[in-house]
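Peer 1: next input, structure requested:
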Amino acid sequence: MQAFEALAQLATRAGGFHVHAPLIDLTKSEIIQLGMRLGVDYAITHSCYDPVGGAACGRCDACALRRKGFADAGVPDPTRYAMLASVP
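Peer 2: Take a look at the predicted model:
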């Protein structure tokens with residue numbers, strides 16, 4: 001994050017950039033639990049790299065990590081998946 005921020009300072013005329021990454025030290029499970037406390041409607045979100053007709057693919061790494069995060073958090077995953085692969 002620091003390297004990207006330094007690059008942004010040099011690569012842009014305006015400079016003054018600061019990268020905020022408040023979730024960087026949280027696990028997927030912790031992020032989901034925080035979102036639940038904040039009232040995030042996870043049914044209208046997905047993390048998919050390759051969505052299929054508005055649904056998450058269910059096969060990519062992002063889908064697998066998301067499903068595992070929900071399982072680890074003990075929260076039902078409301079994501080619509082086009083295909084379900086086994087959770088790692």
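Peer 1: shaky segments in this protein?
Peer 2: 85-88 (pLDDT under 70).
Peer 1: need the residues that contact the longest helix seen in the chain.
Peer 2: Longest among the helix segments of the chain by residue count, using DSSP state H, is helix 61-73. Residues outside helix 61-73 that contact it (C-beta atoms under 8 Å, 6 or more residues apart in numbering): 27-33, 36, 42, 46-49, 56-57, 76-77, 79, 81, 85, 87-88. Just so you know, the C-beta spots here come from the backbone N, C-alpha and C atoms, and that holds for glycine as well.
Peer 1: list only buried entries from the residues you listed.
Peer 2: By neighbour count, with 16 or more other C-beta atoms under 10 Å, those hold 28-29, 31-33, 42, 46-48, 56-57, 77, 79, 81 as buried.
Peer 1: make a markdown table out of those and add distance to Ala21 and secondary structure.
Peer 2: As requested, the buried ones among the contacts of helix 61-73 are exported to a markdown table (distance: C-beta to C-beta, whole Å; DSSP: H, G, I helix; E, B strand; the rest coil):
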| residue | distance to Ala21 | secondary structure |
| --- | --- | --- |
| Lys28 | 15 | helix |
| Ser29 | 18 | helix |
| Ile31 | 12 | helix |
| Ile32 | 17 | helix |
| Gln33 | 18 | helix |
| Tyr42 | 20 | helix |
| His46 | 21 | coil |
| Ser47 | 16 | coil |
| Cys48 | 21 | coil |
| Ala56 | 23 | strand |
| Cys57 | 26 | coil |
| Asp77 | 24 | coil |
| Thr79 | 23 | coil |
| Tyr81 | 27 | strand |
